[in-house]
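Novice: Here is my input, please return the structure:
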Amino acid sequence: MTQPSFATHEVFNQSPPFEEVDLFTMDRPLVDAVKANGGAAAERELSEFGKHWGSAAMADRGRLANENTPKLRTFDAKGNRRDQVEFHPAYHELMAHSAHAGVHNSTWTADGKPAGHAAEVIRAAKFYMASQVETGHLCPITMTRASVGALAMRPDLLARVMPVLSTKSYDPTFAPWPEKRGMTLGMGMTEKQGGTDVRANMTRAARNGSAYRITGHKWFMSAPMCDAFLVLAQADEGLTCFFMPRFAPDGSVNAIQFQRLKDKLGNRSNASSEVEFVGAYAERVGEEGKGIRTIIQMVQLTRQDCAIASVGLMRSGLAHALHHARHRSVFQKHLADQPLMQAVLSDMALHVEASTALVMRLCRAFDRTPHDAAEAAYMRLLTPAIKYWTCKSAPPFLYEAMECLGGNGYVEDGILARHYRESPVNAIWEGSGNVMCLDVLRALSREPEAAMSVLQALAAETKGLPGASEAVAFIGQTFRRADGERVARLAVEKLALLAAAAALNGVSPHQAELFATTRLAADRASMYGAVELDSADVRALLERALP
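Specialist: Have a look, this model is predicted:
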């Protein structure tokens, strides 16, 4: 007797893969923000980048690099120390594609000077798009780019490094950096007894001719297969910054011994290590005892990238949620046509649009800082505030995006679960939330007049927006309080919201009014969608987010 046939595996009412898309041109808020901040001439270049990174092939590389995590090979078969990390080929391919696009060096000239014009804005747009595909490999990419800021304190060393660092080649071979086609740099600051308090570091640096020998331990050092690292250690005059290559000048492998790779919640494709230095060769960067002042030039740039990546992750979450909702039918109509889902998605779209305008405005400040004191003050005051708000926004935002897909969002088959696990790291690394708030307070105390001029400029740029004048008054009063640290989080968040409204007002005034109405003029509800927007505004926000 034959059994009846059932087509139980016919797939319907599911969204198609969100692939083979142009991550630039389909993102109207990004296109407009890049244009408003001086990058319009690069639209064709950015569209080509967006098509490439929006391809199914790049999505697959991102998946493979995270499913096949790095492996530490401490010893070879004969017991000799090896201290190498092996990566899946997909990781190396991601690195090569980012390097070819100049994501690791395009904000610098070949001799290590700021490239100017809109280099920061254009490069940020690429970083933002790449983060939507695979964020882990961007850790060495961002550290390499940022290291030039610190190496500038040692011009002779910078002049030796830039011919290799300034190429668009990625060279994964384990060899001395002067022999390579391209190079990457990492960072080693924190120790287990100190963490954020790097002045408590115990790693020691002893003079050895014109160089130093470093002995000690780092609790976190990323990424261990970089060709060199900027490391903090205690020298005779105090905490000092050092350039530590993987190979010593005589060609021997430097005494950098990896103890283990960290088993992280996310950021799985990227290797982060715990390491011992056993008399490792290093060269001083900057003056002895001025290590924090030296390496902060690098940290400021990595914080910028933390903010950009967080917004990129949120953008990807929104795009996948909206794409799914437009194809998934529930209760006889598409999810995207359900009023409650529209309320959620449009509110999320508004958040991403403001965040995108804000990080691109920050990048414009980085572009103009060398020649514009007002932009330099904006950069110093608002970098920590923007990192605080954007990075802390990402995890709850991505949870909401996952929920838009229901069970499909929660499983590892899709990208949103990976995005969700990735999202906390940008708030934790390069200065946690409290550290960012303290840095805003320090900027206010060190440069009160410059900081107040930034606040006045934001007031002018948001004049007439709902709740803006009240926000300006609150921020000014709070930062003048003797107990300002106790309420710093509230004031810093309000400062970031004000800056976002100002940035968005320079891109899309109507969206800025919606943002100010829902974020500044009223007590913000804790859930997305708990706002009331006009139906026309809902449609416009969603169409701008994903045509």
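Novice: Can you spell out which helices and strands pack onto the lengthiest strand in the chain?
Specialist: For the chain, the strand with the greatest residue count under DSSP state E is strand 272-285. Other helices and strands packing on strand 272-285, by 3 or more Cβ pairs under 8 Å, 6 or more residues apart in numbering; DSSP states H and E, are helix 138-151, strand 204-208, strand 211-222, strand 228-235, strand 238-245, strand 256-261. For the C-beta atoms, the positions are set from N, CA and C on the backbone; glycine is no exception.
Novice: Please repeat the previous calculation with a cut-off of 6 Å.
Specialist: With contacts taken as 3 or more Cβ pairs under 6 Å, 6 or more residues apart in numbering; DSSP states H and E, strand 272-285 sits against strand 211-222, strand 238-245, strand 256-261.
Novice: Quick check: phi and psi on the nearest residue to Asn105 once chain neighbours are set aside?
Specialist: Closest residue in space to Asn105, ignoring its immediate chain neighbours: Ser166 at 5.6 Å, by Cβ to Cβ, 6 or more residues apart in numbering. Main-chain torsions, Ser166, degrees, to the nearest 10: phi -80, psi 0.
Novice: ok, Ser166 touching Ala110?
Specialist: Yes. Under the criterion of Cβ atoms under 6 Å, Ser166 makes contact with Ala110 at 4.7 Å.
Novice: between the two, who's got more neighbours?
Specialist: A count of neighbours by other Cβ atoms under 10 Å puts Ser166 above the other of Ser166 and Ala110, at 19 against 12.
Novice: Can you show me the helices along the stretch 1-150 of the chain?
Specialist: Counting by DSSP state H, counting those that start in this stretch, the stretch 1-150 of the chain has helices at residues 28-36, 43-53, 56-67, 89-100, 119-131, 138-151.
Novice: To His351, which of those helices lies closest?
Specialist: Set against His351 and scored by Cβ to Cβ, the helices of the stretch 1-150 of the chain come closest in helix 28-36, at 10.7 Å.
Novice: And the lowest mean pLDDT element among the helices and strands of this structure?
Specialist: None of the helices or strands of the chain scores lower by mean pLDDT, DSSP states H and E than strand 329-330, at a mean of 88.
Novice: Correct me if wrong: Phe220 contacts Thr190.
Specialist: Yes. Under the criterion of Cβ under 6 Å, Phe220 makes contact with Thr190 at 5.0 Å.
Novice: Identify the contacts common to the two.
Specialist: Listed as contacting both Phe220 and Thr190 by Cβ atoms under 6 Å, 6 or more residues apart in numbering is no residue at all.
Novice: which parts of the helix or strand in which Met379 is found are buried?
Specialist: Assigned by DSSP states H and E, Met379 belongs to helix 373-404. By neighbour count with 16 or more other Cβ atoms under 10 Å, helix 373-404 contains the buried residues 375-395, 397-402, 404.
Novice: Please apply the same query to stretch 265-285.
Specialist: 266-275, 277, 280-285.
Novice: Off-centre distance for it?
Specialist: 20 Å (Cα atoms, centre = their mean, to the nearest Å).
Novice: Just the CA trace of it, in CSV.
Specialist: Extracted C-alpha coordinates of stretch 265-285, given in CSV (Å, rounded to 0.1, in the frame of the first residue of the first chain):
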residue,chain,number,x,y,z
LEU,A,265,30.6,36.4,24.2
GLY,A,266,30.9,37.9,20.7
ASN,A,267,33.6,39.2,18.5
ARG,A,268,34.4,35.6,17.8
SER,A,269,36.2,35.9,14.6
ASN,A,270,38.8,38.2,16.2
ALA,A,271,41.4,36.8,18.5
SER,A,272,42.0,38.6,21.8
SER,A,273,44.8,37.3,24.0
GLU,A,274,46.3,37.1,27.4
VAL,A,275,50.0,37.5,27.1
GLU,A,276,53.3,37.5,28.9
PHE,A,277,56.3,39.6,27.9
VAL,A,278,59.6,37.9,28.8
GLY,A,279,62.1,40.7,28.1
ALA,A,280,60.4,41.6,24.9
TYR,A,281,62.1,44.1,22.6
ALA,A,282,60.4,47.5,22.3
GLU,A,283,61.0,51.0,21.2
ARG,A,284,59.7,54.1,23.1
VAL,A,285,56.9,56.2,21.6
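Novice: Which residue is the nearest non-sequential neighbour of the residue positioned nearest the centre of the chain?
Specialist: Taking Cα atoms, centre = their mean, the centroid of the chain lies closest to Cys306, which sits 2.5 Å from it. Counting by Cβ to Cβ, 6+ apart, Asn426 is the residue found nearest to Cys306 once chain neighbours are left out, at 4.0 Å.
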